[in-house]
Each structure stands twice: as C-alpha cells, then as structure tokens.
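[1] Kindly return the folded structure for what I paste below:
(one chain, ligands or ions: 1)
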Amino acid sequence: MIVNVIGAGLAGSEVAYNLGKRNVRVRLYEMRPLKMTEVHKTGYFAELVCSNSLKSEDLTNAEGLLKAEMKMMGSVTLEAAEKARVPSGKALAVDRNVFAKEVTKVIESLETVEIVRKEVVQFNPSEEIWVIATGPATSESFLSFLKEFLGEDFLFFFDAVSPIVTFESIDMSCAFWGDRFGKGKDYINCPLTKEEYEELWRALVEAEVIEMEDFDRRLLFERCQPIEEIARSGKDALRYGPLRPTGLVDPRTGEEPYAVVQLRREDKDGKFYSLVGFQTRLKWGEQKKVLKKIPCLRNAEIVRYGVMHRNIYINSPKVLDVFFRSKRHPNVFFAGQITGVEGYMESAASGIYVAYNVNRILHGLPPLKLPEETMMGALFSYIIERVEGNLKPMYANFGLLPPLHDRTRGKFERRKLLANRALKAMKEFLEANPW
Ligand SMILES: Cc1cc2nc3c(=O)[nH]c(=O)nc-3n(C[C@H](O)[C@H](O)[C@H](O)COP(=O)(O)OP(=O)(O)OC[C@H]3O[C@@H](n4cnc5c(N)ncnc54)[C@H](O)[C@@H]3O)c2cc1C
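    Have a look, this model is predicted:
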C-alpha cells in the first residue's frame, strides 16, 4: 500500500520520513518550486516561512517539553535542527537554509520515498492512504477540492483570535459572572472604573502592532476590526463597543460599571477563557502589558496571544476523528497547521502522530491516542475533543495538561513536575506501544 503525502512542509516531511524509514512506501507531493506559495521562497522541504527560531528547549517551557516528546518519537526536523543550530540562548534557532536543505537531503536519501514535484488539485479518497499536509498556504485549486471534500462550512481562511487566558489565573474576587440583562451566567465580567478604562485605552492606542503582510491587509479590511483600531477611533469607542457595560450589573455595587471586559469560555472543561472583541495585531509583549491594565486580569496567564492573519485551517472537531482522520473517509488523514495546531513544532509533531498511526494501521493494529499527560496528547485532544464552538488554532501550552493535584508549589516547580510526568507517560506509552 502506498501512502500519499501532499505537502513537504514541516508536517509532511515528518510523515514521509517517519514512514519511509520504516520501509513504508511513500509518495510525497510538493508543488514548490514549480508553483510557489505567497510565503515560501525556495524549493526545499520544511522551509521556515518566518522566524528562524524553533523556540525554547527548556523543559519548563511548553515548547521545550513538546520537542523532548518529539525526540522520543523520532523527528527529522529536530535532527536537522541539531545540524543547523545557531547560538540563541535557551531557544533552538537554526540557519534556515541549512535546516531546510538537511531535511530535504534526508528525505531524498530514503529509497522508500518517491518525490513528485507537482501541485495536487484533487485525489480519489477511496483509493490508497492520503495525508493532507498542505499548510496555511494551501494552493487555491486544491482548496476548491477540499471545499467539496469537507463541505464549505468546514474551512476557515482567517484567524482573528483574541488573547486566551487560563481560568485559574483570573482574579475572581474582582470579576463577576453574568450575561447581559441577567439572562444567564456564562460570561466572566471584569469591571473597570473610569480611571482604569482610560489607562487601558491609552495603553491600547500607544501599543506597537505587528507589521502586516499585503495578503493579510487585503483580508483584514473585509473582516472585523482589531481592538487597537477601535480604540484609535476615539476615547469612548470601546465603551460603546466591545467594552460596553449595558445590562451588566456588578453584584458588589448593584450598578453597571463604567466599562466591562467580558470573557467567554473556550473549552468544554472551562480551563480557558478568551477576551470578547479583543482580536488584535498587537505585539505579544504589548498584549501582556495591556492585559495588566485590567485589574482582574493583572496576573492572567496568556495561553494564546491574539492574532489577525490569513490562516487556512479546517474545522477539525467536526470533520476529523481523534487520529486526525477524516470521519467520512478514514483512509484520509490531515497533518500540520491545516488541522488547527499552530506553530512550526506543533505542525511537525502532528505529522509524527499521524505517521505513527498510519504505520500501526498498515501493520493491522488499531490507532492510538497519545497519553493526555503529554504535551502532544493534550494538544491533539484539545483540537478534536475539547473545543467549544468553532476551533481557534492552538499552540503548545501548560494549560492544556491535566492539572497536578498538589497546587501549593510555584509556577516553575509545577511546570517541572508536569514535564517529568509527561516524559514518563510518553516513555511508558512508547515502551508498551513501540512504532
Ligand atoms: C506567514 C506565516 C508566518 C509564520 N511564522 C511562524 C513562525 O515564525 N513561527 C512558527 O512557529 N510558526 C509560524 N507560522 C505557522 C506555521 O508554523 C507554519 O506555517 C508551518 O510551516 C506550518 O507547517 P505545515 O507543514 O502545516 O505547512 P507548510 O510548512 O506551509 O507546508 C505545506 C507545504 O505544502 C505545499 N503545498 C501547498 N499546496 C499544495 C498542493 N496543492 N500540492 C502540493 N503541495 C502543496 C506547500 O508548498 C508547502 O511546502 C507562520 C505561518 C505563516 C502563514
């Protein structure tokens, strides 16, 4: 049986490598350099389209833990990163050309992997195994096919996300529960006095924004406005817009506050909340500063920063099962950013997960979920099983892991324990269920 992989980015390269080196026959389709995307510049596999950092290697950082787990499963991107490493403190940064050339060389050297340089515009889902790893810059023609394959409503083209924080880091002694006009208690409300509101407004208009690419600018103007743009349109714009207090009575005062920042639940377990109407292009450091101006969020732990950019991804909870397989066509898998994981390493990790289960299936074994205590297991399970409402892309973070029973320790001590627990769970899992 041939496994067809569409897209030799971070995810597709991991799928091809992890299957190819186990003697599985792979046909890897990559359209570059014959047809380029808006973001790639070379014909190499696993090209890093923006930053050359693969983020932290420290185990008390979620990205560090993710990488440690990927290494345990086997990762071509991390092997190549070792060879391409450039000095960058606790982070793993690489020379992007050396990195991409190395991934390409390793995959080209596998006799089991046939490389086909062409744009895939459609395929027959009832024949062979397919892994779709075409990423956030999937070609237009293939997108049209995916629209039909999945149904139009299941494809997203734009990421307009407000910052998401953990519930446990919200100061509930100052916030209150309630929907407008007492119609329920689903939202968390963070009241602001006039002075607090003005400080927040000032922070928003003065904060630095991320430069926008042309393709993002085109899309942005068709969509909702970033919070900082609303703020710039006038001092009261927020208080008559996303921060309006109408119908929200603070039980402590019996009155409507001057303004209110509302938070909406993001997941089934109630671990994550997003700031309503706070979609933003502010730099990440600036988002931290701005949130500190909201008294109930002074110590909020941000697990996902706000963004507004083009990003093609599918509504995975609706169309995929927990193994990232199409519910309708179980021989079609998805991997990488198109599934709703976000980030280089998250995309690569999802490729490893898909390869692991494709390999099991080819050996007549049932596919397996990774343990929930691992960063990979928790992230993939969040994408498919935990999201409430529409999926918003997510990257690795400690908030995804099941909490420790002992909550008395400090943040770093807790993270060390969570990381040790994750690595132990991954080790035991791989011993019990080797590739
Ligand atoms: C502009 C931008 C900047 C980003 N910056 C960062 C960053 O700094 N740090 C970070 O961690 N993450 C970043 N990301 C997010 C994400 O991590 C990367 O996009 C990552 O490359 C996703 O990996 P992937 O394998 O899913 O897709 P990709 O790496 O994009 O790989 C998909 C591959 O599929 C190919 N392809 C597409 N359509 C077809 C087709 N029809 N037929 C054949 N081949 C096809 C493409 O040419 C490409 O090689 C960024 C995303 C974007 C869009």
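[2] for the residue of the chain found nearest the ligand, what are its contacts?
    Across the chain, the shortest distance to the ligand (C-beta to the nearest ligand atom) belongs to Gly9, at 1.7 Å. Yep, even glycine has a C-beta here, placed from its N, CA and C like the rest. Gly9 makes contacts with 45-47, 133-135, 336, 347, as judged by C-beta atoms under 8 Å, 6 or more residues apart in numbering.
[3] where in this protein is pLDDT low?
    Within the chain, the ranges that satisfy pLDDT under 70 run 214-224.
[4] Using PDB, write down the CA coordinates of the longest helix anywhere in it.
    When the chain is parsed with DSSP state H, its longest helix is helix 411-432. The C-alpha coordinates for helix 411-432 follow below in PDB (Å, rounded to 0.1, in the frame of the first residue of the first chain):
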ATOM      1  CA  LYS A 411       4.700  28.000  38.700                       C
ATOM      2  CA  PHE A 412       8.200  26.700  37.700                       C
ATOM      3  CA  GLU A 413       8.200  23.900  40.200                       C
ATOM      4  CA  ARG A 414       4.700  22.900  38.900                       C
ATOM      5  CA  ARG A 415       5.900  23.000  35.300                       C
ATOM      6  CA  LYS A 416       8.900  20.800  36.200                       C
ATOM      7  CA  LEU A 417       6.600  18.300  37.700                       C
ATOM      8  CA  LEU A 418       4.200  18.400  34.700                       C
ATOM      9  CA  ALA A 419       7.100  18.000  32.300                       C
ATOM     10  CA  ASN A 420       8.500  15.000  34.300                       C
ATOM     11  CA  ARG A 421       5.000  13.400  34.400                       C
ATOM     12  CA  ALA A 422       4.700  14.000  30.600                       C
ATOM     13  CA  LEU A 423       8.000  12.400  29.700                       C
ATOM     14  CA  LYS A 424       7.400   9.400  32.000                       C
ATOM     15  CA  ALA A 425       3.900   9.000  30.300                       C
ATOM     16  CA  MET A 426       5.500   9.200  26.900                       C
ATOM     17  CA  LYS A 427       8.200   6.700  27.800                       C
ATOM     18  CA  GLU A 428       5.800   4.200  29.200                       C
ATOM     19  CA  PHE A 429       3.500   4.600  26.200                       C
ATOM     20  CA  LEU A 430       6.300   4.000  23.700                       C
ATOM     21  CA  GLU A 431       7.600   1.000  25.600                       C
ATOM     22  CA  ALA A 432       4.100  -0.500  25.600                       C
END
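[5] Show residues contacting that helix.
    Defining contact as C-beta under 8 Å, 6+ apart, one finds that helix 411-432 is touched by 59-61, 64-65, 68-69, 72-73, 370-371, 373-377, 398, 401, 404, 406-407, 409.
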